[in-house]
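In: Have a look at this fold, sequence not included:
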């Protein structure tokens, strides 16, 4: 019951936040200078034609009308029509969404898969050279700009060694093999940077556990150092790590945007950059809304996950 | 995909068996993949003037009545022949009776008339002005089109080799997403942000295309273009925007490097409505203050010819005027001093296209040496269009004017340079109306006028820099039109 | 080990600051002066070579340190000046406002610096300033949340109660009792945010949303580098960014460990 | 042959090698209950941790600890872990934090069984409930399903004691097992410990600063001061006739009942000058 009520409260807050965010985004878009009609018609357009196009696209109607129309449309996945191409925005987003979702969706579990052993080892061996080395490496990895790392990876693995394609994308449906080959470098680059970031939190989390009484109890029960830390430290470390992962999502999306540029991937990030370039506000607005929604939604899920991991939040206290 | 990369994949995913089954078969050489830098936002070239649209579609998907070859000569295409009346006012195009669209519809005179009307009604001002000279278009028979002009025009037929002359399939209802034409390739698919694919038109009326598919990949980042080419992912890097990296492709057993010319003049444009820029001495000082030879070397790897006015070597009326204002900083300072100009501070607002920031940094540095403070501002293209191009809010700007014979823009005082020289305007009008024999000398007079008046500083001719994989032949040396013409390209293997 | 962190952090960040200070009065060459000596190798007098426009890399790197520090200081400054008072105010107990600020903070958190910078650049044009402001705004929630959490802890202390009982105005309590107590924590956070800001600016520069080429800045140098023709010209600013980011990160960690070993990473 | 014999055991910490335990000697016979008394910071817990092999990484151990003929100070972690919880176990001071907050207590106790012997989950469960029942946790099956934060301090300490007893070890180290509990609970837990120790007939090293507790529970006592064992002997003898001035002070300050109201309370320094070199 307590869980349900807590979850319901979080859901309400989440939905409210999304609603306010949509208004903020809509208003921000209106403040953008650069006339989309002018841009669409290009260097040779006459002012009358531009005005005519503004009329056709309904850009001269009141703000409130346009906001509620947009909001209402989104409820059934209608993001309006692209001003520049005329086709529905959702048709432009759908193929792109997959690319970014793959990038982020693969990066999160993979970087955890790297970060946890990395952080565990460097916490356990923190007084030895090997542990310090891992810690130092994670500091270096964290400090390197992701796009620089991506360009270097492409140079080494595609151009010099010719093991992998340098850039570009093929969808999974077209060719799973090509898709996988072309995802290795971008995902790998993101994973390196992300895991270095997360490893520091994992390390801190495990070091905290090492000085906890329950870890001593576990050791006194007959757990070896490593297995005891994994068995009794993981879940406790995870409570704080999950929060960090949630907060990292937005920076991971930024990383994905940069990586899409480096590896020429047709994801949401490049769609955003492109649409701002053509002042296709309907698309920009939709992509920004989608990204913000994704971050808020993932943080909402993290909240729920937190309820699941930490029993103290799940059940009311009796003691 | 190489065997080796298959192995790597297997190691990484532990699924080599499944995936190596998906390795594309060797007949993928029937696909020609070309890297280009700019992706258009729409494919409708009647509304959008982005050069990337005709780059992919002109001559490959769309055909025109007459075509310009890589040397700048006009040849018949959909018209098997054409005749011009003695007074230069009437053009009669006889259509090739074999010609048909990819959809199977024959190309008849009605389609041509409809297409010309479509262009005349375009919201695009450039297209409008190119077609403004037309008095009437008629189709006396199914294979004859007669166009009558209001007055003789040397520019008109030339325009008809480009976008203005495209004959659209009457069935096409969505130019933005589904272009339909009569070329050897037809539009297949467009994956936004990634690629545009053309497929062979199996029922092409002329010499068929040599590839099953032609893929244009959009690669804006110069390093990514180099990487894709070096790693063997591309057959052709269609535009090298990092000319310095051409040296990486010097291995002739692997690559062919093409260094031709284009119609693009990289112009340091002056805003003639600004007090400072109205001053001839200031303009001349700027021209003297910039070492254009060094600029080309620095900014564009030494590729690109020097010019002194708004003409390119492939123009019939081209004359080398590149030393009208030689690099002479002392003279520049003297000119400024004599004109009583000191503490000159100018804005240089440029679009963020590959050459812009580099050239601007170079120019700001050199003009600094003659005592002009230059503030560089990089604008994304829409902003540039709005603030510089439309509103004329700038002192100087740099942009490559890629359209053919665009010298006429200096005769338009509304154009963003705000260059208002009645003498020049009269001279251009005279040249357009004159007989084909007089056209060239009259144009040369106009071009010299611009050069002497330092109406702008023409930095260099944008070179046509292409890298192709060994075995790819038939790429046009010069880019005289906006088209990246793949109809002549073939592959040895 | 802990001392080592602090020492390495101090050395790296101190070096960046020193270089920036020196560049104010002296650089080997004019950092914006082009020349025909392009892609020069590492040799005297161009000790770090020259770039594609023949500009001296060492001089650009030195002057670029100014830009880097400016970005860090301004971005952290904006975030702290707005975020900290808001966090303290909310932390001192304003239920309604607290909820509003928390939600606003959530929304801002979901709008990463990159989105703000893209929109800001589209609105007023891209420059170091727009990039910095975007980063600063995006960092506000971090400071706000931290100041709030720290204030809550301090508020439960007896001396706050004593001050309240004595009728000290809330503003004075915030200034005299809360701020000094949470300042060390904020300092540590500032160092961490400083390095994040440097990294973010580099990312924005790569997308063309920060400094123009004429302005010497590390991120921009990295963007303009022709990595295949002259890899060194990409590696040098890359290392510079890494050193600065690592320096300030380690400095923050080191100071935190020094101040209180139990004071763990702020989340 | 002693169950546990500690010879010249010294422990130092950190880079500057702060010596916390100095050449301590002790031995515990099978079934013997030995009390270890001393002030906070005297090295009691360090000694216990050293025996259990639970010292932090930055500790340096010298000397010898022999348990059932096995030298512990040089034993590998894997072999040592097999002893812990099986042959020797420990009851900690802080019941509030000694249990993993994210795991049900039944599972935590069950782990101890699973770690040292092959059993079915069902058998483990039965055994856990049995031992919970034995340590006086009513509704053992419900308690097993609870998380630590859902239990009271006394309940938690019973769980910890149950965990220490579950494998019938030969040696149980109790480190201030009742200090953190309130007085009434303290008495119950102590009675329980007393009964259970007698039942399983395990030896016990009982660490406390409370002389009363030690004299109630232990037949022998060792006094530790500043990392050194200053006196050892039968509890009654040591407390009645302390040989070392520190012990005398300890005993005197503990017997505040003997002080006439109004008179000044005795302090350790009345009997013993800490600046003096101590050597028993």
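Out: Nice, I can see it. Quantities reported herein were computed from a predicted structural model and do not represent experimental measurements.
In: low-confidence ranges in the chain?
Out: Using chain A here. Across chain A, the ranges flagged by pLDDT under 70 are A:1, A:33-46, A:84-85, A:313-319.
In: that answer is for a different chain, and I need it for chain B
Out: Residue ranges of chain B with pLDDT under 70: B:1-29.
In: Would you agree residue C:201 is in contact with residue C:210?
Out: Yes. Between residue C:201 and residue C:210 there is a contact under CB atoms under 8 Å: 5.8 Å. All C-beta spots, glycine's among them, are computed from the backbone N, C-alpha and C.
In: list residues touching both of those two?
Out: C:128, C:131, C:217, C:219 (CB atoms under 8 Å, 6 or more residues apart in numbering or on different chains).
In: in what helix or strand does residue 5 lie?
Out: Went with chain A since none was named. Assigned by DSSP states H and E, residue A:5 belongs to helix A:2-30.
In: That was the other one, I meant chain D.
Out: Using DSSP H and E, residue D:5 falls in strand D:4-13.
In: swap in residue A:126?
Out: Under DSSP H and E, no helix or strand contains residue A:126.
In: Counting neighbours, what do you get for whichever residue of the stretch 1-150 of chain D sits closest to chain C?
Out: Here the stretch 1-150 of chain D gets closest to chain C at one residue, residue D:15, 9.8 Å apart by CB to the nearest CB. By other CB atoms under 10 Å in any protein chain shown, the residues close to residue D:15 number 7.
In: Looking at the backbone only, give me phi and psi for it.
Out: phi -70, psi -40 (degrees, to the nearest 10).
In: what's the answer for residue C:56, then?
Out: Main-chain torsions, residue C:56, degrees, to the nearest 10: phi -70, psi 120.
In: Look up how far chain A lies from it.
Out: Distance, residue C:56 to chain A, by CB to the nearest CB, to the nearest Å: 22 Å.
In: same check, this time on residue B:171
Out: Noted for residue B:171: a distance of 18 Å to chain A, by CB to the nearest CB.
In: Helix, strand or coil: sort out that residue for me.
Out: coil (DSSP: H, G, I helix; E, B strand; the rest coil).
In: which residues sit in contact with it?
Out: B:101, B:103, B:105, B:180 are the contacts of residue B:171 under CB under 8 Å, 6+ apart.
In: Quick check: residue B:366 is in a helix.
Out: Yes. The assignment for residue B:366 by three-state DSSP puts it in a helix.
In: Report how many residues lie close to residue B:353.
Out: 18.
In: same deal with residue B:83?
Out: Using other CB under 10 Å, residue B:83 is surrounded by 10 other residues.
In: How much space separates the residue of the stretch 351-493 of chain B found nearest chain D from residue D:169?
Out: In the stretch 351-493 of chain B, the residue that lies nearest chain D is residue B:380 (50.7 Å; CB to the nearest CB). To residue D:169, residue B:380 is 74 Å away according to CB to CB, to the nearest Å.
In: ok, for residue 312, nearest residue in space, not its chain neighbours?
Out: With no chain named, the answer covers chain A. Once flanking residues are discounted, residue A:312 sits nearest to residue D:149: 5.1 Å by CB to CB, 6 or more residues apart in numbering or on different chains.
In: try chain B instead
Out: Leaving aside its sequence neighbours, residue B:312 sits nearest to residue B:461 (CB to CB, 6+ apart; 5.0 Å).
In: The one you found looks like it's in a helix, true?
Out: No. Remark: residue B:461 does not belong to a helix; assigned using three-state DSSP, it is strand.
In: Test my guess that it contacts residue B:267.
Out: No. Between residue B:461 and residue B:267 no contact is recorded; they are 10.7 Å apart, counting by CB under 8 Å.
In: Neighbour count for the two, which is higher?
Out: Higher neighbour count among residue B:461 and residue B:267: residue B:461, with 26 against 22, using other CB under 10 Å.
In: all strands for the stretch 351-493 of chain B, in order.
Out: Taking DSSP state E, counting those that start in this stretch as the test, the strands found in the stretch 351-493 of chain B are B:373-379, B:396-401, B:456-469, B:472-473, B:490-491.
In: okay, now residue C:42: neighbour count?
Out: Neighbours of residue C:42 (other CB under 10 Å): 12.
In: hang on, it packs against residue C:50?
Out: No. If you go by CB under 8 Å, residue C:42 and residue C:50 don't touch, sitting 10.1 Å apart.
In: so what's the residue nearest to residue B:312 up against?
Out: B:261, B:262, B:264, B:265, B:266, B:304, B:305, B:306, B:307, B:312, B:313.
In: Could you rerun that using 10 Å?
Out: B:261-266, B:296, B:300, B:303-307, B:311-314, B:318, B:322, B:400 (CB atoms under 10 Å, 6 or more residues apart in numbering or on different chains).
In: could you pull out the helices for chain C?
Out: Secondary structure of chain C by DSSP state H: the helices cover C:2-25, C:57-91, C:95-110, C:113-124, C:128-155, C:158-165, C:170-173, C:179-206, C:218-224, C:231-259.
In: Of the contacts of residue B:171, keep whichever come out buried.
Out: For the contacts of residue B:171, a burial check counting by 16 or more other CB atoms under 10 Å in any protein chain shown picks out B:101, B:180.
In: for the contacts of residue B:171, which one is nearest chain A?
Out: Closest to chain A, out of all of the contacts of residue B:171 and judged by CB to the nearest CB, is residue B:180, at 16.7 Å.
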